[in-house]
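Asker: Below are the sequence and a predicted model; questions follow.
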Amino acid sequence: MKISEKFDPCFAWRAVELAARGEGHTRPNPPVGAVIVRGGKIVGEGWHRRCGGDHAEVAAIKDAARRGESVRGATLYVTLEPCSRPGRVGACTDAIVAAGIGRVAFAVRDPNPVNSGRAGRVLSRAGVECAVPSRANTLEGKWDPSGGMASALAAARRLIAPFAKYVTTGMPYVTVKLAMSLDGKSATGAGTRSGYRPRRRERSRDASASAWTR
Ligand SMILES: [Zn+2]
């Protein structure tokens, strides 16, 4: 597989933003986002909305068709290595080849050992250039709309962290959330702390963790 130097952070970030829309709704699949770029312009966007629905890549191809845009020779940016075996839906590598997409840049390899690296081989054999960003062309120190040290690649990795944990260890990804007082106590003598109302950001995190908010 070829490591491309042309990986563009702006489009990678857009794919991450799209993927985040599916967070908490795609189980057991991970959230994935995709952007199709042709002539420097976005011609299609998609994300995986729910298990059994279109994968991000196919959603983006359909979006381009709806916009009346051609994807021939275009570049597909996707947050996760495309699937290369049919499952509940057809393999994305087949859809990518059939659509005539010229180049695929994916942020993270599929952590599932059965599939990891397979899409690159399948696509390359079909004449589609594949790029995975190398350490040298990650976004650290370049353009980072979050204003922090996080890069689009790190963000893409974070998005699939629960999925990666599960497929590699069989264990769930656990997040602990405690409503605590300033003195470090999480409960009163009578039981749980009263008057706690989760803020919106916390509720959204609860949803992405499949957690119930009381
Ligand atoms: Zn797929």
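Answerer: Okay, I see it.

Asker: how about the strands in this structure?
Answerer: 33-38, 41-47, 75-80, 103-108, 129-131, 187-188, 191-192 (DSSP state E).

Asker: JSON lines for these, including mean pLDDT, mean neighbour count and distance to Pro86?
Answerer: Glycine gets a C-beta too; all of them are placed from N, C-alpha and C. Formatted as JSON lines, the strands of the chain follow (pLDDT from 0 to 100; neighbours: other CB atoms under 10 Å; distance: least, CB to CB, whole Å):
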{"stretch": "strand 33-38", "mean pLDDT": "96", "mean neighbour count": "26", "distance to Pro86": "18"}
{"stretch": "strand 41-47", "mean pLDDT": "97", "mean neighbour count": "21", "distance to Pro86": "19"}
{"stretch": "strand 75-80", "mean pLDDT": "94", "mean neighbour count": "29", "distance to Pro86": "17"}
{"stretch": "strand 103-108", "mean pLDDT": "88", "mean neighbour count": "24", "distance to Pro86": "18"}
{"stretch": "strand 129-131", "mean pLDDT": "85", "mean neighbour count": "19", "distance to Pro86": "20"}
{"stretch": "strand 187-188", "mean pLDDT": "72", "mean neighbour count": "11", "distance to Pro86": "50"}
{"stretch": "strand 191-192", "mean pLDDT": "62", "mean neighbour count": "8", "distance to Pro86": "47"}
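
Asker: out of these, nearest to Arg21?
Answerer: For the strands of the chain, distance to Arg21 was read as CB to CB. The smallest value, 5.2 Å, belongs to strand 41-47.

Asker: out of the strands of the chain, nearest to the ion?
Answerer: Minimum separation from the ion across these (CB to the ion) falls at strand 75-80, 8.6 Å.

Asker: just how off-centre is the closest one within its chain?
Answerer: 9 Å (CA atoms, centre = their mean, to the nearest Å).

Asker: With that, I have no additional questions.
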